[in-house]
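*Asks:* got a predicted structure here, sequence first:
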Amino acid sequence: MATIEAAVSLVRARPRRRPLRTAAWYVVLVGMAVVTVFPFAWMLLTSLKGPNDAIFSVPPQFLPSDPTIDNYVRVWNQLPVARFFLNSIVASVALTILGTLVTALAAYPLAKMRFRGRDAIFYLLLATLIVPVQLTYIPSFVLAVKVFNYYDSLPALILPNLAAAFNIFLLRQAFRGVPNELLDAARIDGANEIRIWWHVMLPIVRPSLVTVAIFSFVTSWNDFLWPSLMLPTMENKTLPVGLAALQGVFSSDFRAIAAGVTMTVVPILVFFIAVQRYFVRGLAGAIKG
Amino acid sequence: MIALNRPLARRRFTPYLFLAPALVLLGIFVAYPIASVVFYSFTEYDIVRDPVWVGLENYERLIDDATFWKALTNSLVYLLVTPIIIGLSIALAIAVNRRLRGIHLFRALYYVPAVSGSIAIGISWRWLFDTNGFFNGMLLAAGIIDEPVQWLADPAFVLPIAMLLTIWAGIGYYAVIFLAGLQNIPEDLYDAARIDGCTDLQTHRHVSLPGLRPQIVFVAVISSLAALKVFDEIYVLTNRTGGILDSGVTMVFYLWRQAFRLSEAGYASAIAIALLLVTLAFSIVNVRILERGSERD
């Protein structure tokens, strides 16, 4: 990963002596930013509108003339929003920690050991990348209800998603970059494989582990279809499922819906801004030529 | 790999012990379900009662089912988002790959849709495109239209709006990937191209694009697989209906509706098998390329 950081810091910018050109770039960048952010801004503005503000008008009214947090209060009182948050956090954190461990365990021998069936296992893993996960939902639903008894509870979101083949693939790539000499040295010192994995391999590939963890977290946080099948009770829903329910509860109350959307988007944005560095770096490392 | 003075048997089992948790989980949650879906597709099944063998009945029904063909067509049309996303996100990556004041803020902003989740952005788009929504308000005010357009109530618009949403939400995410790729291209190559008198456009064509090949392959695979599986956007934009005249129904949406709304899990399993076959056919080429790219390092 050090090479990537070096490469990133090495990106040399040519001195710009063309103010017009720079201005033109800013126009492009700002235009794109407006397109990207507008739906969220519209939600935020709408969520602050009081009963005297038009939500549908020609031309549309942008700023609330009578700003209020009333809409937020209404959503908060009618839906267990705090529970949605808690459920999302518990499910995503558990999945992230356990999933990273399981995939890091599996990736190590695939990267660094020779054993019978290694290639077969690796290709099978690759093959599972292609299988649309929705294909498995009918049997997984049956398993959840009849075998594991975790229907309508958070383990239903965690267990089926722990062994993400994509993460195994990503970590295998990272492990492969670790010099064999390091492993051999550790083996000569008498360390067993699990110690090598924990004390040598994992610290070296930490940036990739962080990437996998962030990927897992964001994917789990935003997952919708499977949680919507598994969590019928309002108190047990995660944020996206609760959001979809919000549309049902407040059917045409656009102000409340906007407040609900804003409430759920802001925390994940804050989280993302905090970890953005790792995310970008991880993506860079994941797909080298 | 060097052999050390360790009991042979133990060393031989070690790799499998590392792999065991993942393989067991994949066995339960991927391999077993695939086998079950194949079985269910030959049965009449409502998830509650035991499946009843009906042979090829579900598949025969599939062939005569206009909605299924509509869903298949829609899913294939949805693949058009892939080349558009690749083109636009490369352009965006090139645009932000320069040292301008505040560039990090812009990069972060472009990423907002990718992390805010499909349900949240789907809801916001649904209201923008509402008959009484923002876009009609603007278009009416500007005098471009006289009557509100029935965006999401018009079969011609449902799928294109969903695709637009996917593209809009994906560009920032994929641009980060391309940006990382651009930054790994040695600056010397750009210098050389400039010395040879290439214009900016030519430079990007002859230096940036070849340099981005691994990223392009990756994004092509990931975004096309995602396009074949699209569900959330359709679900939210059409308020769970699939759109008027099923105009927005995709393979996964149809699968979901048959299995979990109409309790026809047997028939839905046949749809799932069709989805698997389409994805397999589409992916065989893609995966070969991905493998070749990954084995090179």
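*Replies:* Yes, it's here.
*Asks:* ranges for the helices of the stretch 151-297 of chain B?
*Replies:* Applying DSSP state H, counting those that start in this stretch to the stretch 151-297 of chain B gives helices spanning B:155-183, B:187-195, B:200-203, B:209-211, B:213-228, B:232-237, B:251-256, B:265-295.
*Asks:* isn't B:A180 right next to B:L212, touching?
*Replies:* No. B:A180 is not in contact with B:L212 according to CB atoms under 8 Å; the separation is 9.9 Å. Using the backbone N, CA and C atoms, a C-beta is placed for each residue, glycine as well.
*Asks:* any regions of chain B where pLDDT drops low?
*Replies:* Along chain B, segments meeting pLDDT under 70 span B:1-10, B:285, B:287, B:289-297.
*Asks:* middle-most residue in it, spatially?
*Replies:* Centroid-nearest residue in chain B: B:A226, 1.6 Å away (criterion: CA atoms, centre = their mean).
*Asks:* what about that one, distance to chain A?
*Replies:* Per CB to the nearest CB, to the nearest Å, B:A226 is found 10 Å from chain A.
*Asks:* contacts only, for that residue.
*Replies:* B:166, B:170 (CB atoms under 8 Å, 6 or more residues apart in numbering or on different chains).
*Asks:* same question for the one 3 residues further on.
*Replies:* The neighbours of B:K229, taking CB under 8 Å, 6+ apart as the test, are A:132-134, B:251-252.
*Asks:* which of the residues you listed sit farthest apart?
*Replies:* Maximum pairwise distance in the contacts of B:K229, criterion CB to CB, is 13.1 Å, between A:V133 and B:M251.
*Asks:* higher neighbour count, these two?
*Replies:* B:M251 (28 against 19; other CB atoms under 10 Å in any protein chain shown).
*Asks:* just checking stretch A:237-249 against chain B, any contact.
*Replies:* Yes. Using CB under 8 Å from any CB of the partner chain, stretch A:237-249 comes into contact with chain B via A:239-240, A:243-244, A:246-247.
*Asks:* how many residues are close by B:L277?
*Replies:* The burial count for B:L277: 10, using other CB under 10 Å.
*Asks:* hmm, back to that, and which of the residues of stretch A:237-249 next to chain B is nearest to A:A274?
*Replies:* Nearest member of these to A:A274, counting by CB to CB, is A:L239, at 18.0 Å.
*Asks:* let me know the pLDDT of the closest one.
*Replies:* Note on A:L239: pLDDT of 94.
*Asks:* repeat for A:T219
*Replies:* So A:T219 comes in at 89 (pLDDT).
*Asks:* what helix or strand is it located in?
*Replies:* helix A:206-222 (DSSP states H and E).
*Asks:* whatever helix or strand comes next after that helix packs against which elements?
*Replies:* Sequence-wise, the next helix or strand downstream of helix A:206-222 (DSSP H and E) is helix A:225-230. When contacts are defined as 3 or more CB pairs under 8 Å, 6 or more residues apart in numbering or on different chains; DSSP states H and E, helix A:225-230 sits against helix A:137-142, helix A:155-158, helix A:239-249.
*Asks:* I'd like those as CSV, with distance to A:S92 appended.
*Replies:* Shown next, in CSV, are those (distance: least, CB to CB, whole Å):
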stretch, distance to A:S92
helix A:137-142, 19
helix A:155-158, 9
helix A:239-249, 10
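*Asks:* mind putting those in TSV, mean neighbour count included?
*Replies:* Shown next, in TSV, are these (neighbours: other CB atoms under 10 Å in any protein chain shown):
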stretch	mean neighbour count
helix A:137-142	24
helix A:155-158	21
helix A:239-249	22
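*Asks:* which of those comes out lowest on mean pLDDT?
*Replies:* helix A:239-249 has the lowest average pLDDT among the helices and strands packed on helix A:225-230, namely a mean of 90.
*Asks:* mind checking the pLDDT average for the following helix or strand past that helix?
*Replies:* Counting by DSSP H and E, the next helix or strand C-terminal to helix A:239-249 is helix A:254-286. With pLDDT averaged residue by residue, helix A:254-286 scores 81.
*Asks:* count of residues packed around the residue of the stretch 151-297 of chain B found nearest chain A?
*Replies:* With CB to the nearest CB as the measure, B:A180 is the residue of the stretch 151-297 of chain B nearest to chain A, at 3.2 Å. By the criterion of other CB under 10 Å, B:A180 has 25 neighbours.
*Asks:* now B:T199
*Replies:* B:T199: 10 neighbours (other CB under 10 Å).
*Asks:* phi, psi for the closest residue to B:V48 other than its chain neighbours please.
*Replies:* Spatially, and ignoring its direct neighbours in sequence, B:V48 is nearest to B:S263 (7.6 Å; CB to CB, 6 or more residues apart in numbering or on different chains). For B:S263, the backbone dihedrals (degrees, to the nearest 10) come out as phi 50, psi 40.
*Asks:* residue contacts, B:S263?
*Replies:* B:46-48.
*Asks:* top of the residues you listed by number of neighbours, please.
*Replies:* B:I47 (19 neighbours).
*Asks:* following element in sequence after the helix or strand bottoming out on mean pLDDT in chain A, please.
*Replies:* Least confident helix or strand of chain A, by mean pLDDT, DSSP states H and E, is helix A:2-10 with a mean of 50. Counting by DSSP H and E, the next helix or strand C-terminal to helix A:2-10 is helix A:19-47.
*Asks:* so that next one versus helix A:254-286, what angle?
*Replies:* 140 degrees (axes from the mean of the first three to the mean of the last three CA atoms, to 10 degrees).
*Asks:* packing partners of helix A:19-47?
*Replies:* Helix A:19-47 packs on helix A:254-286, helix B:81-96, helix B:103-110, helix B:112-116, helix B:118-128, helix B:155-183, going by 3+ CB pairs under 8 Å, 6+ apart.
*Asks:* what's near enough to touch A:M230?
*Replies:* A:M230 neighbours (CB under 8 Å, 6+ apart): A:141, A:144, A:150-152, A:156-157.
*Asks:* hmm, 10 Å instead?
*Replies:* Neighbouring residues of A:M230 by CB atoms under 10 Å, 6 or more residues apart in numbering or on different chains: A:137, A:140-141, A:144-145, A:150-157, A:160, A:236-238, A:241.
*Asks:* next one: B:V81
*Replies:* B:162-167, B:170, B:223-224, B:226-227, B:230.
*Asks:* same deal with A:K146?
*Replies:* B:I47.
*Asks:* burial measure for the residue lying closest to B:Q258 once chain neighbours are set aside, as a count.
*Replies:* Of all residues not flanking B:Q258 in the chain, B:A268 sits nearest, at 3.9 Å (CB to CB, 6+ apart). Counted with other CB under 10 Å, residues neighbouring B:A268 total 28.
*Asks:* and if you look at A:R255?
*Replies:* If we define neighbours as other CB under 10 Å, then A:R255 has 23 of them.
*Asks:* do the same with the one 10 residues further on
*Replies:* Counted by other CB under 10 Å, the residues lying close to A:V265 total 23.
*Asks:* I'd like to know how far it sits from chain B.
*Replies:* Taken as CB to the nearest CB, the span from A:V265 to chain B is 5 Å.
*Asks:* what's the closest non-adjacent residue to that residue?
*Replies:* In space, A:V265 is closest to B:S116, 4.5 Å off (CB to CB, 6+ apart).
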